[in-house]
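**Student:** kindly return the folded structure for what I paste below:
(2 chains)
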Amino acid sequence: MNELPILSILLILPVIGILLLTFISSNSESDANLKQTALWVSFLNFIISLVVLFNFNQLDPNFQFVEKYYWLGDTISYQVGVDGISILFVVLTTFLVPICILASYNNIKFSMKEYLIAFLALETFMIGVFISMDLILFYLFFEGGLIPMFLIIGIWGGERRIYSTFKFFLYTLAGSVFMLLAVIFMYWEVGTSSIPVLLQHEFSYDAQIILWLAFFASFVVKIPMWPFHTWLPDAHVEAPTAGSVILAGVLLKLAGYGFIRFSITMFPDASHYFAPMIYALSIIAIIFTSLIALVQEDMKKLIAYSSVAHMGFVTLGIFTFTIQGIEGAIIQMISHGIVSAALFLCVGVVYDRIHTREIERYGGLVNRMPLYSFSFMIFILASLGLPGTSGFVGEFLVLLSIFSVNTYFAVFATTGVVLAATYSLWLYRKIIFGQLIKDDLKDILDLSSREIIIFVPLILLTILIGIYPIPVLELIEPSSQLTLEIINGKMN
Amino acid sequence: MIHSIVLLPLFGFVISCLFSFFKSDQTIDRITQIVTSLFISISAILSFYLFVINLSDPQVYKFTLFTWITSGDLSVNWSLYIDAVTRVMLVVITSVSALVHIYSIGYMSHDDSKPRFMGYLSLFTFAMIMLVTADNFLQLFFGWEGVGLASYLLIGFWYKKPSANAAAIKAFIVNRVGDFGLALGIFTIYMVFGSIDYQVVFENAEKFNETNFNFIGYDINAITLICFLLFIGAMGKSAQLFLHTWLPDAMEGPTPVSALIHAATMVTAGVFLVVRCSPLFDLSVEASSFVTLVGASTAFFAATIGLVQNDIKRVIAYSTCSQLGYMFFAAGLGAYGAAMFHLFTHAFFKALLFLGAGSVIHSVHEEQDIRKMGGIYIFTPLTHAMMVVGTISLMGFPFTSGFYSKDAIIEAAYLSDAMFSNYAYFLGTLGVVMTSFYSWRLMFLTFNGNTRMEEQKFREVHESPYVMLIPLFILAIGALSFGYIFKSYFIGGASVEFWDHSIAIHHHEHHHIPFLIYYLPAMLGILGFIIAWYMYLKNTKLPAAVASLNEPLYKFLLNKWYFDELYQYVFVIPARGIGKFFWKIIDGYFIDGFGPNGIASMVLKISEKARSIQTGFIYHYAFSILIGLSFLITYFIFVI
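**Tutor:** Reported below is the predicted structural model:
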């Protein structure tokens, strides 16, 4: 297995897909061919990522499937590999992209070819972020992903798409400029941009503070944490369904992954120093955005605000520097990747039919859409963290870990669980329950077979991770332990 | 055998879940009804068998199914752990559930989503069994939230009714407030004991008796803190004072649901939790006193509201709330056996009353207001007889089940010298009169006297089918005889062997209880009966007169002490207001205004200015150069 550059294949396959797409002429009849091609390419990529997953040695906490090629001089190289943490995100990405393409079959009305190209390019960038073992390479992929996303929202988005996409793009880019400076600084300080080397390097305390802040500037916007979150609801509302899915499912996780890989591991002293600030911001995010979610009138906005609250648990867990906190944060990210993606898909289903996201325009859908109501219920329950769904495992571990650090923060964070139940069930009741009285809903159709194919794997994963999360936990345990060992080694 | 007790309800749920997606027709409905009822019945028979064979020679069964969560040194399993407490709960859960399943075949015969209903019932049963068979606090939490979900789904079963939806959400959220405490309790247990397995926690409880734990800045005894937090969870689930508001509203659900979930099983989960954690509660005087205080207050408070309610189901709901209070103060006073005993007998007579009420509602065309009933016993003799049985058991008439268990509790309060024991004794005794009064008031208004129904409707009143009546007969047997049969095991001479260390048992020196004290509750019960008889059958003008004489008090009770209104103004409206404020003002005005939008407009303004300088006219530029040059020259001449 090791001879085959499988991670590079993973990275390049979507690009090959793009090339294929450019040769297919784009008129309305051949749109089907375009979709089929993109779907199969992304599905093949998913299979390959599963091959990686099954050949992955769980007990080894280090990077595996490592490839290294000469790139820019001796010190900046093309170096890729996966460890127990990143492999999960790679699989999450390759899993969600085919779903996104499938979800875009009917609601993209023009320029299908360009849309699919943007999506496949986005896949390459996202995979690249997770498998990079070189900081420069990481940065390229990290920022490169903004471009296709910018286009997806800006071209195929809703009415206020231009405002939203610029807000999204400039906001996240502004944060990242500081990270670029930090990357350059680290390169000159250590003499290489190789991540494994950097992980072992001990920066001076002052340097750590500056570098931490520079990385933080980028991640805080991307994850996003309060008060840098306002771009997210706007971006979600205007993005097409699949855009929201990938934004919530993967793009938000880039920063969480960055926090684990870089911030806490490379700058542990600074991380400890800033941890109380992170707790405070996370808890404000959890309570503040949950309260905002209570009064939303737009379905997508509500889910977007709940995303901010859920990511608050992630940052909270990471900065406890405990094994439960880090594992909880990772599980929470994976779970949120599945569940919030599914919730946006649920919104997409009714949006495709009625063309509005206003909560008040719905009501009583269960009368005509039992399958839809059932799927939606599962994801709502996972979103409010019911035990037995994936949402619970991460939240529980994170809360347990923050409780061991500080009971104040734990009490406040736990109130978020009550609020989550309130807004989630309120949303569900408004849309699904009640009498079906509105005229335009009277002939609404239940899930089509295409939509069932989309939802079934998401439902299965949600419940499976909730009841038997052991395979995931075992996968991330060694690498998380190693991360903590590095941190503790540097602290002493 | 034990596995099938647990798994049969789950299979029932899965099967009816699948069937509920098909187009509903008679065969499918029938199949799901029969399959689910059969599964639960088998489960009930097995539970009862397990209970009986362990009566005098108890054993503990333990199976680990598979690991749920491991992380660091935390490890949690899915497991089945069956000791005496669990066996009692299993009998209660599965037998009432089986009878309710069967009853529902009749009760829901006009509904068009039967598979869904049966599925939810089975789901509830499964979750409740998972709750009681846990061997660690996390699986307990799974069951705890699982029954909350099932309760939410069943209260909102008639989803077309806005009131049902509102009640369902209210139930879930109030329960979540309790779960908030329970979750914090579990975290504290993990911090103190390093494990959340029952065995580890209970065996090491005494070691940490003196340990303090810093919780939000206060140093509190660890065991006391744990008990307080767990009890908040119990208060939510068992609808105790302050967290009780969801239970009366939960009556929006179909009546079989009220019988199963909101009377016999789920609401007793809080009592179960306290009894299960009796090794901890026993060590904490403060926590136990608090349990007594809350229990006794609820027993009294809920009974006062029950006196004046007019909805047949709400009266019984408040009665449930009040009876749960009795169980709690028994547990708080250390009489865990008595608490479990009352839980056990209460399940049967209260399920009987609820199912009887359902039968009445079925008979009188979905009417629930007892002011619009009356005199129907001629048409519904069997239902009437069964409800009389339930009522005398509830009022504690000598030698019925309720007599033994309620008496044990009041006696415990009389004998105890713990804090609040006199308070509990006083309110508990007072509660007996009220219990009897409101129960008989309900009976008389419903069945006796002149009818207040419309002529046409009154003539159409009919007895319910046998599929509904047979479960009533079986429950009636329990309501009459289980107290006598099992009293020696639960509270009497055989109790030490029966409980087999699963609960903390106190060995009181044998006190002689005066004859008067022993029969006082029964006599008070009869007093309540007489008052009710006088007011509602003999001198029917009296109630209105009493009400108008004490108008403010009557209003206060009728409006349930204004708890709903209070919460509306203190929590619900402010939460939405704050949400709006955060959204529009903080997010919209401040963060966006000074953040992205502010910076963007600032950049725009600056570049506007910069643009206006660049006019493109040569003489403008030449002029600026000239000015600049003269400045420079001046600078060089005068400064250097």
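**Student:** poorly predicted segments of the stretch 351-492 of chain A, please.
**Tutor:** Residue ranges of the stretch 351-492 of chain A with pLDDT under 70: A:492.
**Student:** go on, the stretch 101-250 of chain A?
**Tutor:** Applying pLDDT under 70 to the stretch 101-250 of chain A flags no residue at all.
**Student:** which stretches in it count as helices?
**Tutor:** Shown for the stretch 101-250 of chain A, the helices assigned by DSSP state H, counting those that start in this stretch span residues A:112-131, A:135-144, A:146-156, A:161-190, A:195-200, A:205-222, A:231-238, A:241-246.
**Student:** let's have these in a markdown table, adding mean neighbour count and distance to chain B.
**Tutor:** For every residue, glycine as well, the C-beta is placed using N, CA and C. Output for the helices of the stretch 101-250 of chain A, formatted as a markdown table (neighbours: other CB atoms under 10 Å in any protein chain shown; distance: least, CB to the nearest CB, whole Å):
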| stretch | mean neighbour count | distance to chain B |
| --- | --- | --- |
| helix A:112-131 | 25 | 22 |
| helix A:135-144 | 21 | 18 |
| helix A:146-156 | 21 | 15 |
| helix A:161-190 | 18 | 5 |
| helix A:195-200 | 17 | 21 |
| helix A:205-222 | 20 | 10 |
| helix A:231-238 | 25 | 7 |
| helix A:241-246 | 28 | 19 |
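**Student:** distance to residue A:52 added to those helices, as TSV?
**Tutor:** Shown next, in TSV, are the helices of the stretch 101-250 of chain A (distance: least, CB to CB, whole Å):
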stretch	distance to residue A:52
helix A:112-131	10
helix A:135-144	17
helix A:146-156	23
helix A:161-190	27
helix A:195-200	18
helix A:205-222	25
helix A:231-238	30
helix A:241-246	20
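**Student:** contact residues of the stretch 1-150 of chain B facing chain A?
**Tutor:** Counting by CB under 8 Å from any CB of the partner chain, the positions of the stretch 1-150 of chain B adjacent to chain A are B:20-21, B:66-72, B:74, B:78, B:138, B:141-142, B:145-146, B:149.
**Student:** how close does residue B:492 get to residue B:392?
**Tutor:** Separation of residue B:492 from residue B:392 (CB to CB, to the nearest Å) stands at 22 Å.
**Student:** neighbour-wise, which of the two wins?
**Tutor:** More crowded of residue B:492 and residue B:392, by other CB atoms under 10 Å in any protein chain shown: residue B:392, with 25 against 14.
**Student:** got a list of what that one touches?
**Tutor:** B:400, B:402 (CB atoms under 8 Å, 6 or more residues apart in numbering or on different chains).
**Student:** and it, what helix or strand is that in?
**Tutor:** Assigned by DSSP states H and E, residue B:392 belongs to helix B:381-395.
**Student:** give the buried residues for that helix.
**Tutor:** For helix B:381-395, burial by neighbour count (16 or more other CB atoms under 10 Å in any protein chain shown) applies to B:382-384, B:386-395.
**Student:** also stretch A:353-364?
**Tutor:** Using 16+ other CB under 10 Å as the test for burial, stretch A:353-364 gives A:353-354, A:357, A:359, A:361-364.
**Student:** on the three-state scheme, residue A:80 is what?
**Tutor:** strand (DSSP: H, G, I helix; E, B strand; the rest coil).
**Student:** contacts only, for it.
**Tutor:** Residue A:80 is in contact with A:7-8, A:11, A:65-67, A:131-133, A:137, counting by CB under 8 Å, 6+ apart.
**Student:** let's see if you can find the most crowded of those.
**Tutor:** Highest neighbour count within those, by other CB under 10 Å: residue A:131, with 28 neighbours.
**Student:** which pLDDT value goes with the residue nearest to it when sequence neighbours are not counted?
**Tutor:** Using CB to CB, 6 or more residues apart in numbering or on different chains and skipping residues adjacent in sequence, the residue nearest residue A:131 is residue A:80, 4.3 Å away. Looking at residue A:80, its pLDDT reads 91.
**Student:** beta partners of residue A:80?
**Tutor:** Beta-bridge pairing of residue A:80 under DSSP bridges involves residue A:67, residue A:132.
**Student:** now residue A:323, nearest residue through space, not along the chain?
**Tutor:** Nearest non-adjacent residue to residue A:323, counting by CB to CB, 6+ apart: residue B:72, 3.8 Å away.
**Student:** and the one you found, what does it touch?
**Tutor:** Counting by CB under 8 Å, 6+ apart, residue B:72 has contacts A:322-324, A:327.
**Student:** give me the subset of the buried residues of stretch A:353-364 lying in strands.
**Tutor:** Assigned to strands by DSSP state E, none of the buried residues of stretch A:353-364 qualify.
**Student:** so which of those is the closest to residue B:233?
**Tutor:** The closest of those to residue B:233 turns out to be residue A:359 (CB to CB; 31.7 Å).
**Student:** from residue A:163, how far out is that closest one?
**Tutor:** From residue A:359 to residue A:163 the distance is 22 Å (CB to CB).
**Student:** who in the stretch 301-450 of chain A is up against chain B?
**Tutor:** A:322-324, A:327-328, A:364, A:366, A:370-371, A:374, A:381, A:386-388, A:393, A:396-397, A:399-400, A:403-404, A:407-408, A:410-411, A:414-415, A:417-418, A:421-422, A:425-426, A:429, A:432-435.
**Student:** I would like a PyMOL command selecting only the buried ones among those, please.
**Tutor:** Here is the PyMOL command that picks out the buried ones among those, judged by 16+ other CB under 10 Å:
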select buried, chain A and resi 322+323+324+327+328+364+366+370+374+381+386+387+388+393+396+397+399+400+403+404+407+410+411+414+415+417+418+421+422+425+426+429+432+433+434
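**Student:** just the residues of the stretch 301-450 of chain A next to chain B: which are in helices?
**Tutor:** Those of these mapping onto helices are A:323-324, A:327-328, A:370-371, A:374, A:381, A:393, A:396-397, A:399-400, A:403-404, A:407-408, A:410-411, A:414-415, A:417-418, A:421-422, A:425-426, A:429, A:432, per DSSP state H.
**Student:** buried ones in stretch A:468-483?
**Tutor:** Buried residues in stretch A:468-483, counted by 16+ other CB under 10 Å: A:468-469, A:472-473, A:475-483.
**Student:** show me the helices in the stretch 251-400 of chain A, by range?
**Tutor:** Under DSSP H, counting those that start in this stretch, the stretch 251-400 of chain A gives helices at A:252-258, A:264-266, A:268-294, A:299-318, A:323-354, A:370-383, A:390-405.
**Student:** give me the contacts around the second one.
**Tutor:** Taking contacts as CB under 8 Å, 6+ apart, the residues outside helix A:264-266 that touch it are A:198-199, A:201, A:203, A:208, A:211, A:271, A:318-319, A:321, A:483, A:486-487.
**Student:** for the record, mean pLDDT for that helix?
**Tutor:** Mean predicted lDDT for helix A:264-266 stands at 92.
**Student:** chain center to that helix: distance?
**Tutor:** How far helix A:264-266 lies from its chain's middle: 21 Å, per CA atoms, centre = their mean, to the nearest Å.
**Student:** how much space separates residue B:347 from residue B:160?
**Tutor:** 31 Å.
**Student:** more neighbours: those two, which one.
**Tutor:** Neighbour count, other CB under 10 Å: between residue B:347 and residue B:160, residue B:347 has more, with 28 against 13.
**Student:** contacting residues around that one?
**Tutor:** Neighbour list for residue B:347: B:92, B:96, B:263-265, B:268 [criterion: CB under 8 Å, 6+ apart].
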